[in-house]
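**Student:** My questions concern the predicted model and sequence given below.
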Amino acid sequence: MKALALTSCLALSLPEMAQACHQLSENVWMCAHGTAWHTAEWDPYGDGATLLLDDYALSFTEDFPGADIKDDLSTLQEQFVTYSELVTADGTPPIEVYTQEVLEIATGQSFRSLQRDRYDDIETVSAVMLAEVRDARIMLYLDGPRTLDWASIDDVSRDVLALLRGECADKASCASPDRSLVVIE
């Protein structure tokens with residue numbers, strides 16, 4: 001039986017290696033070697049669930065509003081509708097929805113909404129994406145500046161989705177946000 005254990009005592013010393021695959025959650029990796037996301041930095045002021053690259057901020061969680069309703073019958077679209085209803089009830093609906101669609105990705109599917117959002121009086125152009133990675137579902141929030149055009153957020157969000165994996169491609173170089181070596185037993 002394979003068990004996944006994080007060992008906090010073994011920190012990776014080479015940032016290049018630590019960033020080959022970003023561990024986004026217990027079940028989802030972003031294998032970015034050879035892409036611009038390879039050099040993304042973890043937000044030192046956040047909760048460890050945000051990557052920063054140029055003008056983009058990529059946040060992610062498997063514990064999103066409505067995550068608890070996932071079952072084998074709920075589609076990504078149905079779960080996203082529940083998520084949207086909860087976000088609207090919380091008082092933070094999108095300012096504008098440009099497009100919503102299902103995309104085929106390397107790990108399965110994603111439901112993506114390109115939209116304008118406002119957080120703490122800061123307006124962003126965003127891609128809110130619910131992705132299925134093996135048996136896990138993860139919500140990704142890719143935010144760019146309010147001046148960003150739709151074609152750019154479309155391209156960058158597709159690139160992000162293409163990098164998602166259910167395991168790390170190179171276990172010797174995979175690290176979680178705290179840079180601890182992930183050991184597979």
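**Tutor:** That came in fine, so what should we check first? Numbers count the residues shown, from 1 in each chain.
**Student:** Which parts of the protein are strands?
**Tutor:** Counting by DSSP state E, one finds strands in the chain at the ranges 4-11, 21-23, 29-31, 41-42, 50-53, 56-61, 96-105, 108-119, 122-133, 136-145, 164-165, 180-184.
**Student:** Output the fifth one as PDB, nothing but the C-alphas.
**Tutor:** Just to be clear, that refers to strand 50-53. Extracted in PDB, the C-alpha atoms of strand 50-53 (Å, rounded to 0.1, in the frame of the first residue of the first chain):
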ATOM      1  CA  THR A  50      -1.500  31.100  -4.200                       C
ATOM      2  CA  LEU A  51       1.200  31.100  -6.900                       C
ATOM      3  CA  LEU A  52       2.300  34.400  -8.300                       C
ATOM      4  CA  LEU A  53       3.600  34.800 -11.900                       C
END
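**Student:** so what secondary structure elements neighbour it?
**Tutor:** Counting contacts by 3 or more C-beta pairs under 8 Å, 6 or more residues apart in numbering; DSSP states H and E, strand 50-53 is packed against strand 41-42, strand 56-61. Any C-beta I mention is one placed from the backbone N, CA and C, and that applies to glycine too.
**Student:** Let's see that with 10 Å instead.
**Tutor:** Helices and strands touching strand 50-53, by 3 or more C-beta pairs under 10 Å, 6 or more residues apart in numbering; DSSP states H and E, are strand 41-42, strand 56-61, strand 136-145, helix 150-162.
**Student:** what do you get for the second one?
**Tutor:** With contacts defined as 3+ C-beta pairs under 10 Å, 6+ apart, strand 21-23 has these neighbours: strand 29-31, strand 180-184.
**Student:** can you give me the mean pLDDT across it?
**Tutor:** Mean per-residue pLDDT for strand 21-23: 84.
**Student:** ok, now stretch 126-146?
**Tutor:** Per-residue scores along stretch 126-146 average to 95.
**Student:** Then stretch 85-104?
**Tutor:** Mean pLDDT, computed over stretch 85-104, is 94.
**Student:** what residues does it touch?
**Tutor:** Contact partners of stretch 85-104, identified using C-beta atoms under 10 Å, 6 or more residues apart in numbering, comprise 64-66, 69, 75-77, 80-81, 84, 109-119, 123-131, 146, 150, 153-154, 157-158, 161-162.
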